[in-house]
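# From the sequence below, what's the structure:
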Amino acid sequence: MSARVDHAVVSGTFSLDGETFEVDNNIWVVGDDNECVVIDAPHDVDAIMEVVGTRAVRAILLTHAHDDHCRVAPALRQRTTAPIMLHPDERPLWSLTHLTDGADGPEGELWDVDLGDGFEVQVGGVTLTALHTPGHAPGAVCFYAPALGCLFSGDTLFNGGPGATGRSYSDRPTLEGAIKEKLFGLPDDTVVHTGHGDDTTIGAEKAASADW
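Numbers count the residues shown, from 1 in each chain. Sure, this is the predicted structure:
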């Protein structure tokens, strides 16, 4: 198996509920020497393409639609011709960044493919499965790649516990329930590649969950 995970970090801002914060986002690219998928599209198309290199991008997979994860998705689609895939429950958050109300209805960019729980994407000989994990955002998903022994968690699960709640469209009990139902049943040694910060494992976060 020649598929691998490539990684970089890019800096920018996150804005919601009238506040803006400086953030560092992880860029995750999964594939082989010929093709790949990009997980989330933070801040800078050129930085993402440096990780992609000369490979064909088969899909842009969005874990959720906070602006620091999807802001450059339309520009990345234009650069690569790859479809943007997003859970439809993310429409309200996507609209904050990419849609405006015009005289004839919403104007702007939409995504191309609706992700649902169990949706599968094949690339480089491996399968990534979307797991719907609402709470940080209503349509948040994680992408599980069992052949690579890893999970791409976006902002659902971090090294240190669940993602942030308390802002618009988020709910802590829903998030905790989704993590326990969808993620804690994965093998304990599954590496969790997060949207921000360091990796962790399912086992480590499960063991720490008693303190939530």
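
# what stretches of the chain score poorly on pLDDT?
1, 100-107 (pLDDT under 70).

# most centrally placed residue in it?
Taking C-alpha atoms, centre = their mean as the criterion, residue 63 is the residue nearest the geometric centre of the chain, at 2.4 Å.

# I'd say it and residue 141 touch.
Yes: taking C-beta atoms under 8 Å as the definition, residue 63 is a contact partner of residue 141 at 5.8 Å. Every C-beta, even on glycine, is put in place using the N, C-alpha and C of the backbone.

# which residues do these two both contact?
Applying C-beta atoms under 8 Å, 6 or more residues apart in numbering, one finds that residue 63 and residue 141 are jointly contacted by residue 154.

# Nearest residue to the residue nearest to the centre of the chain in space, please, no chain neighbours.
Distances taken as C-beta to C-beta, 6 or more residues apart in numbering place residue 154 nearest to residue 63, at 2.6 Å, with adjacent residues excluded.

# Specify the beta-bridge partners of that neighbour.
Per DSSP bridges, the residues bridged to residue 154 are residue 194.

# Counting neighbours, what do you get for it?
Neighbour count for residue 154, taken as other C-beta atoms under 10 Å: 29.

# With residue 211 as the reference, measure out to it.
22 Å (C-beta to C-beta, to the nearest Å).

# which residues of the protein fall in helices?
Listed in chain order, the helices of the chain (DSSP state H) span 45-52, 67-70, 73-80, 91-98, 172-178, 202-208.

# How far does the third one sit from its chain's centre?
Taking the mean C-alpha point of helix 73-80 and that of its whole chain, the gap between them comes to 16 Å (C-alpha atoms, centre = their mean, to the nearest Å).

# helices and strands around it, which ones?
helix 45-52, strand 56-61, strand 84-86 (3 or more C-beta pairs under 8 Å, 6 or more residues apart in numbering; DSSP states H and E).

# Adding mean neighbour count and distance to residue 39 as columns, could you present those in CSV?
Shown next, in CSV, are the helices and strands packed on helix 73-80 (neighbours: other C-beta atoms under 10 Å; distance: least, C-beta to C-beta, whole Å):
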stretch, mean neighbour count, distance to residue 39
helix 45-52, 18, 10
strand 56-61, 22, 5
strand 84-86, 23, 10
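
# Among the ones you listed, which comes closest to residue 18?
strand 84-86 (23.8 Å; C-beta to C-beta).

# neighbouring strands for that closest one, and are they parallel or not?
Counting by DSSP bridges, the strands paired with strand 84-86 are strand 56-61 (parallel), strand 113-114 (parallel).

# quick one, the first one and helix 45-52 angle?
Strand 56-61 and helix 45-52 meet at an angle of 120 degrees, taking axes from the mean of the first three to the mean of the last three C-alpha atoms, to 10 degrees as the criterion.
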